[in-house]
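K.L.:
need a 3D model of the sequence below.
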Amino acid sequence: MPKVSIVKVEKDDVKAAVYKSLDLLRIMPSDKIKKVLIKPNLCHYFTPDTGITTDPRVVGSIIDYIRDKVNKNVEFIIGEADATEMKADIAFKVLGYERLAEEKKVRLLNLSKDKRLKVAGKFVKEISLSINECDLFITVPKLKTHMDVKISICLKNQFGAIPYPRKIIFHKNLEEAIIEASKFMKPDLCVVDGMVALEGKGPISEGLPRKMNLIIGGDDPVATDYVCTRIMGLSRVKYVMMAEKQNLGSTKNIQILGEKIENVKTKFMVVNPKEYILSFAQNIFNLVVKK
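P.N.:
Here you go, the predicted structure:
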């Protein structure tokens, strides 16, 4: 039975919320764990209060939790791959992760520069060797919508870990690539930064921040994405259902811990791709005509 915890962040005490979320899950990794890799969502250079990137305070709190309750000598790696419009090394610097790494004495890793392991995917051919070799892989995404596939949370965070920088090449087969990425890099633990979420909300805007003050934890990426979808008041997401059919997790018999979904549920809007393109074209046309 998959478990998902929903915790409100009170008085901006992120650490207390993360600790409570993980305590509710009762996930106590073995004290024999020696290496943990944490994958935040640093898809761009925008700060966490925009709803786009993972707050380093969430990652720092996870590190503290494992050191306090599991093993103080665990080796931690915070990993992110380059993207079409983002270099991980720059993102680490401008988003506060270099400072976090120095404070917590952990290592930052650009997954695009890591040694690679070949995998037999139709779309995903290589993954980071460090993700394959770690004892515990934790995905720490942001709570947000996505214009093409409706949501971008736990499962899609592994898509961001594909070491090829130009991941735009996968967008024609985005749902299949997301599933393959999570198949080869399946997280052991999910901790969703839902403090400030991202809501797609207009034909030209990619999204607007929405304050939710939530930390959502889970032991199953499919179940966690499914619960997040319900929290955002959205209908079923195709690739989450596809992932369930491929045994990457389950949407059935989920044990909800902490807050009830109905007490934190907020209706999110999602940008319609056709509307986005038509409106964008209309704006360009208007600009040209005015000139």
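K.L.:
got the contact list for the most centrally placed residue in the chain?
P.N.:
Centroid check for the chain by C-alpha atoms, centre = their mean gives residue 141 as the closest residue, at 1.9 Å. Taking C-beta atoms under 8 Å, 6 or more residues apart in numbering as the criterion, residue 141 is in contact with 40, 41, 54, 152, 153, 154, 156, 157, 190, 192, 193. (Glycine included, C-beta is placed from N, CA and C.)
K.L.:
what about 7 Å?
P.N.:
41, 54, 153, 154, 157, 192 (C-beta atoms under 7 Å, 6 or more residues apart in numbering).
K.L.:
and residue 29, by the same measure?
P.N.:
Applying C-beta under 7 Å, 6+ apart, the residues near residue 29 are 70, 136.
K.L.:
run the last query once more with 10 Å
P.N.:
36, 66, 69, 70, 71, 74, 135, 136, 138, 188, 189 (C-beta atoms under 10 Å, 6 or more residues apart in numbering).
K.L.:
buried subset of those?
P.N.:
36, 66, 70, 71, 74, 136, 138, 188, 189 (16 or more other C-beta atoms under 10 Å).
K.L.:
phi first, then psi, for the fourth one.
P.N.:
Geometry field for residue 71 lists phi and psi as phi -160, psi 120, criterion degrees, to the nearest 10.
K.L.:
report how many residues lie close to the nearest residue to it once chain neighbours are set aside.
P.N.:
Once flanking residues are discounted, residue 71 sits nearest to residue 31: 4.9 Å by C-beta to C-beta, 6 or more residues apart in numbering. When neighbours are defined as other C-beta atoms under 10 Å, residue 31 has 12 of them.
K.L.:
which SS class is residue 31?
P.N.:
Under DSSP: H, G, I helix; E, B strand; the rest coil, residue 31 falls in the coil class.
K.L.:
for it, give me its contacts.
P.N.:
Contacts of residue 31 (C-beta under 10 Å, 6+ apart): 69, 70, 71, 72, 73, 74.
K.L.:
helix or strand for residue 103, which one?
P.N.:
Applying DSSP states H and E as the criterion places residue 103 in helix 97-104.
K.L.:
send me that helix as CSV with only the CA atoms.
P.N.:
The C-alpha trace of helix 97-104 is given here as CSV (Å, rounded to 0.1, in the frame of the first residue of the first chain):
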residue,chain,number,x,y,z
TYR,A,97,22.9,25.3,-3.7
GLU,A,98,26.6,26.1,-3.5
ARG,A,99,26.0,27.8,-0.2
LEU,A,100,23.9,24.8,1.0
ALA,A,101,26.6,22.3,-0.1
GLU,A,102,29.3,24.3,1.9
GLU,A,103,27.1,24.5,4.9
LYS,A,104,26.1,20.9,5.0
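K.L.:
now do the strands in this protein.
P.N.:
Along the chain, counting by DSSP state E, strands occupy 3-8, 35-40, 75-80, 107-110, 116-118, 126-128, 136-140, 142-146, 150-151, 189-199, 208-218, 255-258.
K.L.:
name the residues of the last one that are buried.
P.N.:
With burial defined by 16+ other C-beta under 10 Å, the residues of strand 255-258 counted as buried are 256, 257, 258.
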